[in-house]
Structures are given as structure tokens and as C-alpha cells.
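J.: Generate coordinates for the sequence data below:
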Amino acid sequence: MIGDSIAAPEPTPMHAPSSRTLTFAFAALAIGLLVMTLAWHIPMMLWDHLDLLPILQAWRHGDWLQSDFLRMHGGHIHTAAYAVLLVTTTASHATAWVDCVTSWLLLIAAAALLSVALRETLARGVVFPTLLPLLAVLLLLHPGHLANLQWGWQVAVFLCLLGVAGTIIALTRPTLDAKRNVIALACTLLACTSFATGLAMLPVALALIGLRRELPRSRRMTLALPWAIALALAIGLRPRLGTPIGLSDAPLLATYMLNFIGAGIARFATDLAPWLAALGILSACAMAIRLRAQREALPWMGLTAFAIVASGLVAIARAPSFGADHAFVTRYVSFSTLFWLGWTGMLASLHSASSPRLMQVGAIVVFVFAAANGLHMIHKASQVGARTGDIAATIARDYPDIDSALLREVHFDREDTAAERIRMLHDLGYPPFRVP
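T.: Okay, the predicted model is just below:
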């Protein structure tokens, strides 16, 4: 989308949409997401969410440290998310929409943090002053998040997104000192103890610190030291985070990564998605080379890099077992949209170019696909909401004589575990048996 002919001359003042217009767009998307989340939220604990019940029981008996609270679950350490879910579940008597609203608030907080970088970029002027700001707002609060917003368990995803946003903003402020570095480390710790994808922030943070050329090299090395130690520890954990891989897996991993990134705007067009991702990555690299000395562009470079590294981590963990098409899992769109948000921000940071028509075509293509993908994800969310509503109604009606096929569906073919968890829901009076 962006060729070698891109240049970045002195910024030229441009007229961007008024702050009122962008605020209205932000608010409209936020309210729309909240309404759809409440309309289609999963009405009871299902799938992984059922695994919170033994932790909740242990917590109530005072022996939560002996539970899975600090242990790995499906390749993730969800400790921070468990802490939130234990509070919301207890306080609301497992009212599902409370967890969903918590996720929505976390998403709004993450989007608000990244809006700091957006305002800074717009203040310098952009080439396409209407299209790019609106595209950025669309990607900040994309309907693709519905796949996670509607499922209370996915509080972990939004804690991770908040941690990533906080890290990137802290490391790219005009002044980077020890205090901001500590804040960034804390944010990354939050991300990593919510969702394993947050580990992708470690190498990205090192790169962002390295690009702060205004700082003396010794200062950058000091700031980078704790990140390097954390990255070394994470690499040391690698054998526990996935199946062994070799060079023969490289094509599979590359395809998975392209599918993952492409799904951020083309989950509905799986044949086109990897090609769009390839063009997006190539153009992002070209823009990053041009913008590497521009501090205001660092947040956007950080987002694109994070999404690419995250796609690699997920590919290593999932591709050997599930294949390249597994990257189109709808819940991954919350992470893959970050690539396109960063891409949009980098394009806006160029300010001017010798090939404006090519840039405009690229921006329009991304906008159209992102909008269409949003409609696709809205449709998917409505289907999930309808299906899980039927599941909850059937369980409430048929308990304790629940069909074996349904039991296998609600907990990954583990019929006995599903029956035990549903019994716990019944004994606790949690939905679907009693809605407070």
C-alpha cells in the first residue's frame, strides 16, 4: 500500500475534524458497543469461565493459594483477571452482564489512553484530515471487540489491552524517565498476568526505548535493563508455553501470523486476509523506516510491532496443534485490530508524501474492510448471544437431566467436569438457575 516513494517533508498544517466530531464518534461507538454487549451477552458461566468456580470455592474457604489462582490456564496466567472476576462474581452473584460491563469500562480506558497519542498526531496535521482520524476512532472501538465483550470471562483480554496501552503511552511521552519506566513495567505486568499475549510487549518495549535517540546511550541501557531481564525470563519459560517447533514449521507459522493480522480487518474474507496483512506489514515497515526519528510516531510503531509479535506468539502456541486457519478465531480480533490502528497512526504521522493517491487508496481500502469486518463481527456476536441464550434456557429447564451432547459443548467435550460445574452453579444459585 505504501511504496518506496514515500517521503516525509516538513509538516504542512491541515484541517482535521473538530474535537467535537471525534468525541461524538468515540461516544457513539462506545455506546453502541455497550448496547450490543448487553443485548447479546453470554448469560451464564460457560466454557473456560466454569473453571473459575473451583477458584471461587477455594477463595471462600481461605485456601485460594492452593487453587489454580496462580497457575497457568490454557497457556495463560490469568491471575489479575481472576482477582477482578472473584470480586465481580461475588458482588453480583454471578450476574453475567456485570463482568461484561467491567470489560467495556476497561476497553474505554485503554482507548482513552491511546487517544492521547491520536490527539498529539492530529495536532501536527495529517494528509487526509477526515478519513484517517475517523478510521483511527473506528479501530480504537471496533465492533470486533464484541466477541470478547459479550463473554464475561474475557475480562482478561481487556486488562491485557489496558496494560499494553498504558505501557506504550508511558514509554513514548516527551520525557522518558525512571518513573515512567516503572509505570510501563507495572502496566506490562498487568498485561502478562491477564493474558499471555501481553508477553509480546517485552521486546516491543525494548525497541521503543532503543528508538529514544534523544536519550544518552547509557540512559537507554539503564532503562532497558529490567525489560531485558523480563524478556530473558519469558524466553526461559518458552518450553512450558507451547509445543516444540522447528524450521519445517516456518511456513505454517508465517501463514498463521498473516491470517491473524489480516483478520483484524478481513475476518469475513479469509482468502483475502493474509494478502492484506502482507501488504500492511510491508507498508508498515516502510513507514517505520521513515518515521523512526519522530517521537510522536512511536506509539503507532509500538502498536503495529506488538500485534506482529503477538501473532507470532499465538502462532507458536496454537498453529502446530490447530492449523493456520485457527488464527481466524473471532476473539483474536481484539489484538489484530491493534496492528491496523498502529498502521493508521503511522500513515497519519507522515503528514505529507510524494505519492498521496497511493496513500489515499490504502487508507480507503483499510477503512472499507474495517467497516465491513465490524458488521461481520456484529453478526457473529448476535449468533453467539442467541445460541448461549438457548443453552442457558435448556440447562435451567432440564437440570439435572442434561443431555450429554450439551454437557460436552459447554466444557470442551469434558462431560463429567461440565456436570460437576453446573451442579456448583445450581448449588450456588448462580445463573441460569436464579438471576438476581
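J.: can you count the residues close to residue 372?
T.: Neighbour count for residue 372, taken as other C-beta atoms under 10 Å: 15. For every residue, glycine as well, the C-beta is placed using N, CA and C.
J.: wait, what's in contact with it?
T.: Counting by C-beta atoms under 8 Å, 6 or more residues apart in numbering, residue 372 touches residue 268.
J.: go on, residue 142?
T.: So residue 142 contacts 333, 337, 370, 373, 374, 377 (C-beta under 8 Å, 6+ apart).
J.: Let's see that with 7 Å instead.
T.: 337, 370, 374 (C-beta atoms under 7 Å, 6 or more residues apart in numbering).
J.: same thing with residue 38?
T.: Contacts for residue 38 (C-beta under 7 Å, 6+ apart) come out as residue 97.
J.: Per-residue pLDDT of it, please?
T.: The model reports residue 38 with a pLDDT of 98.
J.: what helix or strand is it on?
T.: helix 19-40 (DSSP states H and E).
J.: list the helices and strands the helix or strand following that helix packs on?
T.: Scanning forward in sequence from helix 19-40 by DSSP H and E, the next helix or strand is helix 52-60. If you count contacts as 3 or more C-beta pairs under 7 Å, 6 or more residues apart in numbering; DSSP states H and E, helix 52-60 packs onto helix 79-92.
J.: now the helix it packs on: how far from the chain's centre is it?
T.: For helix 79-92, the separation from the chain centroid amounts to 20 Å (computed by C-alpha atoms, centre = their mean, to the nearest Å).
J.: Could I get the buried residue list for that helix?
T.: Neighbour counts over helix 79-92 (16 or more other C-beta atoms under 10 Å) mark 79, 80, 81, 82, 83, 84, 85, 86, 88, 89, 92 as buried.
J.: any idea which of the residues you listed is closest to residue 263?
T.: residue 81 (22.9 Å; C-beta to C-beta).
J.: give me the low-pLDDT residue ranges for the stretch 251-400 of the chain?
T.: 352-354 (pLDDT under 70).
J.: how about a cut-off of 50?
T.: Within the stretch 251-400 of the chain, the set of residues satisfying pLDDT under 50 is empty.
J.: swap in the stretch 101-250 of the chain?
T.: Using pLDDT under 50, the stretch 101-250 of the chain has no residue that qualifies.
J.: By residue count, which helix of this protein is the longest?
T.: Counting residues, the longest helix in the chain under DSSP state H turns out to be helix 356-398.
J.: now could you export just the CA positions of the helix holding residue 38 as CSV?
T.: Below are the C-alpha coordinates for helix 19-40, written out as CSV (Å, rounded to 0.1, in the frame of the first residue of the first chain):
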residue,chain,number,x,y,z
SER,A,19,-12.5,17.5,18.6
ARG,A,20,-16.3,17.6,19.0
THR,A,21,-16.8,15.5,15.9
LEU,A,22,-14.2,12.9,17.0
THR,A,23,-15.6,12.9,20.6
PHE,A,24,-19.1,12.3,19.1
ALA,A,25,-17.8,9.4,17.0
PHE,A,26,-15.9,7.9,20.0
ALA,A,27,-19.1,8.2,22.2
ALA,A,28,-21.3,6.7,19.5
LEU,A,29,-19.1,3.7,19.1
ALA,A,30,-18.7,3.3,22.9
ILE,A,31,-22.4,3.4,23.5
GLY,A,32,-23.1,1.1,20.5
LEU,A,33,-20.7,-1.4,21.9
LEU,A,34,-22.3,-1.3,25.3
VAL,A,35,-25.8,-1.7,24.0
MET,A,36,-24.8,-4.7,21.8
THR,A,37,-22.8,-6.2,24.6
LEU,A,38,-25.8,-6.1,27.0
ALA,A,39,-28.1,-7.3,24.3
TRP,A,40,-26.0,-10.4,23.3
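J.: orientation of it relative to helix 356-398 in degrees?
T.: Angle, helix 19-40 to helix 356-398, by axes from the mean of the first three to the mean of the last three C-alpha atoms, to 10 degrees: 30 degrees.
J.: got the buried residues for helix 19-40?
T.: 22, 25, 26, 29, 30, 33, 34, 36, 37, 40.
J.: how many neighbours does the closest residue to the third one other than its chain neighbours have?
T.: For residue 26, ignoring the flanking residues on the chain, the nearest one in space by C-beta to C-beta, 6 or more residues apart in numbering is residue 137 at 5.5 Å. With neighbours defined by other C-beta under 10 Å, the count for residue 137 comes to 26.
J.: Can you verify my assumption that residue 137 contacts residue 23?
T.: No - using C-beta atoms under 7 Å, residue 137 makes no contact with residue 23, being 9.3 Å away.
J.: Could you report the distance from residue 88 to residue 140?
T.: The gap separating residue 88 from residue 140 is 24 Å, by C-beta to C-beta, to the nearest Å.
J.: Can you tell me which of the buried residues of helix 19-40 is closest to residue 149?
T.: residue 37 (4.4 Å).
J.: Could you find the closest non-adjacent residue to the residue most central in space within the chain?
T.: Centroid-nearest residue in the chain: residue 335, 3.2 Å away (criterion: C-alpha atoms, centre = their mean). Leaving out its chain neighbours, the residue that sits closest to residue 335 by C-beta to C-beta, 6+ apart is residue 310, at 5.3 Å.
J.: my guess is the one you found meets residue 199, correct?
T.: No - contact criterion C-beta under 7 Å: residue 310 and residue 199 do not qualify, at 8.4 Å.
J.: These two: which is more packed in?
T.: Neighbour count, other C-beta under 10 Å: between residue 310 and residue 199, residue 310 has more, with 28 against 24.
J.: Tell me the buried residues in whatever helix or strand that one lives in?
T.: Here residue 310 sits within helix 298-322, counting by DSSP H and E. If you call a residue buried by 16+ other C-beta under 10 Å, then helix 298-322 has these buried ones: 298-320.
J.: name the helices or strands packed onto that helix?
T.: helix 155-171, helix 201-210, helix 250-266, helix 273-291, helix 333-349.
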